[in-house]
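Chemist: need coordinates for the below:
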Amino acid sequence: MVDLLIEFLSNTGFALAGYQNIIMILVGIVLIYLGIAKKYEPFLLIPIGFGILMGNIPVIRDFGLGIYEKGSFLNYMYYGVMHDIYPPLIFLGVGALTDFSAMLARPSLMLLGAAAQIGIFATFLGALALGFAPNEAASIGIIGGADGPTAIFLTAVLAPRLIGPIAIAAYSYMALVPVIQPPIMRLLTSRKERLIRMEEPREVSKREKLIFPIVGFLLCCFIAPGALPLLGMLFFGNLLKESIVAERLARAARSSIIDTVTILLGLAVGASTQGDIFLTGKSMGIFILGASAFAVATASGVIFAKFMNLFLRQKINPLIGAAGVSAVPNSARVVQIVGQKEDPTNFLLMHAMAPNISGVIGSAIAAAILWSFLGG
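Modeler: Numbers count the residues shown, from 1 in each chain. Have a look, this model is predicted:
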């Protein structure tokens with residue numbers, strides 16, 4: 001009886017846990033706290049945080065419980081991450097939620113979304129300089145797009161072993177947009193620039209809204225075929241929304257489908273961060289480079305908006321350049337908040353949605369370009 005009791009105790013999580021598991025459990029609790037108490041991207045941080053808890057409960061190897069053990073529940077859930085099933089489904093829901101009117105009303109603002117992608121390529125070069133392999137450097141750089149699904153999509157094909165730290169970094173910085181972006185925005189703009197009022201965008205016709213997802217899909221995917229899974233689902237979801245006749249499908253895409261996939265993706269990504277795998281020097285480097293990528297992307301958008309103003313008669317508020325990162329719609333909301341601190345009657349949200357939405361498209365194209373060069 002004593003031997004059985006000793007054997008039982010030796011197989012409990014208390015006996016099997018290492019310090020790495022304890023650290024990661026604390027990280028998971030912090031993410032859950034940020035999601036609930038601070039309301040930082042709760043739909044993302046709560047599933048990821050709880051997934052970290054699930055992934056760091058020590059289990060007996062070959063018992064069919066661990067996320068990396070074939071046939072386990074967590075392993076089946078992780079299949080959708082490793083085989084790029086979840087990210088395109090997230091894009092389907094995003095497309096069904098998105099109104100492209102702001103971007104179509106003033107197409108020139110799409111350039112700000114493109115400018116923000118400088119953060120991706122600058123960080124890619126920085127990661128190469130620090131000794132990361134090219135495929136790893138590309139996966140790290142894509143964090144600068146502030147687009148979790150795109151980061152997971154590219155990492156799954158180029159550096160699958162890094163999915164955990166890259167996904168956690170990408171989603172953490174997405175959640176911390178209200179903390180990270182405002183200081184950079186204020187540093188790079190004067191009060192006079194932050195007070196700029198922009199003219200009301202023109203009204204976009206229903207025909208334009210219907211034509212755009214088809215033309216946008218064909219144009220983008222002929223340029224970067226690797227973006228087909230992501231942008232195909234994004235524009236398809238938007239076509240469902242704008243067609244009206246398929247409203248039931250659009251409603252499913254933007255509610256039950258995206259909600260279900262977000263839960264599965266968050267839990268699977270979180271559970272993949274087992275302490276002995278996640279807590280490495282490489283992971284810490286990813287977090288540092290990811291922060292740099294996000295900061296450079298934000299700064300690039302703001303600086304390019306200032307550059308555009310050199311040639312425009314009707315000036316644009318450079319704050320909206322910060323929305324070029326594709327954290328939809330958080331970065332656009334941050335632009336609104338920062339702008340209204342200077343002038344409560346200045347409404348920048350709709351203008352900021354143009355670079356915000358184009359940033360989603362831009363980050364997917366950037367990922368496709370990196371994949372085309374490094375995926376062979």
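Chemist: work out which residue lies at the spatial centre of the chain.
Modeler: Nearest to the geometric centre of the chain sits residue 147, at 2.0 Å (CA atoms, centre = their mean).
Chemist: for that residue, grab phi and psi.
Modeler: Backbone torsions of residue 147, given as degrees, to the nearest 10, read phi -130, psi 100.
Chemist: check residue 311 too.
Modeler: Main-chain torsions, residue 311, degrees, to the nearest 10: phi -120, psi 0.
Chemist: and the gap between residue 239 and residue 104?
Modeler: 14 Å (CB to CB, to the nearest Å). (Each C-beta comes from the backbone N, C-alpha and C, glycine too.)
Chemist: follow-up on the earlier one: quick one: the residue nearest to the centre of the chain and residue 360 touch, right?
Modeler: Yes - under the criterion of CB atoms under 8 Å, residue 147 makes contact with residue 360 at 6.4 Å.
Chemist: which residues do the two both contact?
Modeler: Common contact partners of residue 147 and residue 360 (CB atoms under 8 Å, 6 or more residues apart in numbering): residue 326.
Chemist: for the residue nearest to residue 73 when sequence neighbours are not counted, report the pLDDT, please.
Modeler: Spatial nearest neighbour of residue 73, excluding adjacent residues (CB to CB, 6 or more residues apart in numbering): residue 65 at 7.9 Å. As predicted, residue 65 sits at a pLDDT of 79.
Chemist: just checking, residue 65 touches residue 71?
Modeler: No - with contact defined as CB under 8 Å, residue 65 does not count as touching residue 71 (10.1 Å).
Chemist: which of those two has more neighbours?
Modeler: Using other CB atoms under 10 Å, the more surrounded residue of residue 65 and residue 71 is residue 65, with 16 against 7.
Chemist: and that one, which of the three is it?
Modeler: coil (DSSP: H, G, I helix; E, B strand; the rest coil).
Chemist: which residues sit in contact with it?
Modeler: Residue 65 makes contact with 59, 72-74, according to CB under 8 Å, 6+ apart.
Chemist: swap in residue 368?
Modeler: Residue 368 touches 224-228, counting by CB under 8 Å, 6+ apart.
Chemist: secondary structure element holding it?
Modeler: Remark: residue 368 resides in helix 349-374, with elements defined by DSSP states H and E.
Chemist: and that helix, what's buried?
Modeler: Neighbour counts over helix 349-374 (16 or more other CB atoms under 10 Å) mark 349-371, 374 as buried.
Chemist: now the lengthiest helix in the chain against helix 349-374, angle please.
Modeler: Taking DSSP state H as the criterion, the chain has its longest helix at helix 281-309. Put simply, helix 281-309 runs at 130 degrees to helix 349-374, going by axes from the mean of the first three to the mean of the last three CA atoms, to 10 degrees.
Chemist: tell me what angle the helix or strand just after helix 281-309 forms with helix 281-309.
Modeler: For helix 281-309, the following helix or strand on the C-terminal side (DSSP H and E) is helix 330-342. Angle of helix 330-342 versus helix 281-309, following the same axes, to 10 degrees, is 60 degrees.
Chemist: put the alpha carbons of helix 330-342 into CSV.
Modeler: C-alpha atoms of helix 330-342 as CSV (Å, rounded to 0.1, in the frame of the first residue of the first chain):
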residue,chain,number,x,y,z
ASN,A,330,-7.4,48.5,-31.8
SER,A,331,-4.8,50.6,-33.4
ALA,A,332,-7.5,52.8,-35.1
ARG,A,333,-9.1,53.3,-31.7
VAL,A,334,-5.8,54.3,-30.3
VAL,A,335,-5.5,57.0,-33.0
GLN,A,336,-8.9,58.3,-32.0
ILE,A,337,-8.0,58.4,-28.3
VAL,A,338,-4.7,60.1,-28.9
GLY,A,339,-6.2,62.7,-31.2
GLN,A,340,-9.1,63.5,-28.9
LYS,A,341,-6.7,64.1,-26.0
GLU,A,342,-5.6,67.2,-28.1
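Chemist: remind me what that helix packs against, helices and strands.
Modeler: Applying 3 or more CB pairs under 8 Å, 6 or more residues apart in numbering; DSSP states H and E, we find helix 330-342 packed against helix 177-188, helix 191-194, helix 349-374.
Chemist: gap between it and the chain center?
Modeler: Remark: helix 330-342 is offset 19 Å from the chain centroid, using CA atoms, centre = their mean, to the nearest Å.
Chemist: which parts of it are buried?
Modeler: Within helix 330-342, the residues scored as buried using 16+ other CB under 10 Å are 330-336, 338-339, 342.
Chemist: hmm, who's touching that helix?
Modeler: The contact list for helix 330-342 (CB under 8 Å, 6+ apart) reads 41, 146, 174, 177-178, 181-182, 185-186, 191, 194-195, 317, 319-320, 322-325, 346-349, 352-353, 356, 359.
Chemist: pLDDT of that helix, averaged?
Modeler: For helix 330-342, mean pLDDT rounds to 94.
Chemist: and the angle for it with helix 177-188?
Modeler: Put simply, helix 330-342 runs at 50 degrees to helix 177-188, going by the same axes, to 10 degrees.
Chemist: so who does residue 28 touch?
Modeler: By CB under 8 Å, 6+ apart, the neighbours of residue 28 are 48-53, 56, 270.
Chemist: export the buried residues of helix 330-342 to a markdown table and tack on distance to residue 97?
Modeler: Listed next are the buried residues of helix 330-342 as a markdown table, based on distance: CB to CB, whole Å:
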| residue | distance to residue 97 |
| --- | --- |
| 330 | 13 |
| 331 | 16 |
| 332 | 13 |
| 333 | 15 |
| 334 | 19 |
| 335 | 19 |
| 336 | 18 |
| 338 | 24 |
| 339 | 23 |
| 342 | 29 |
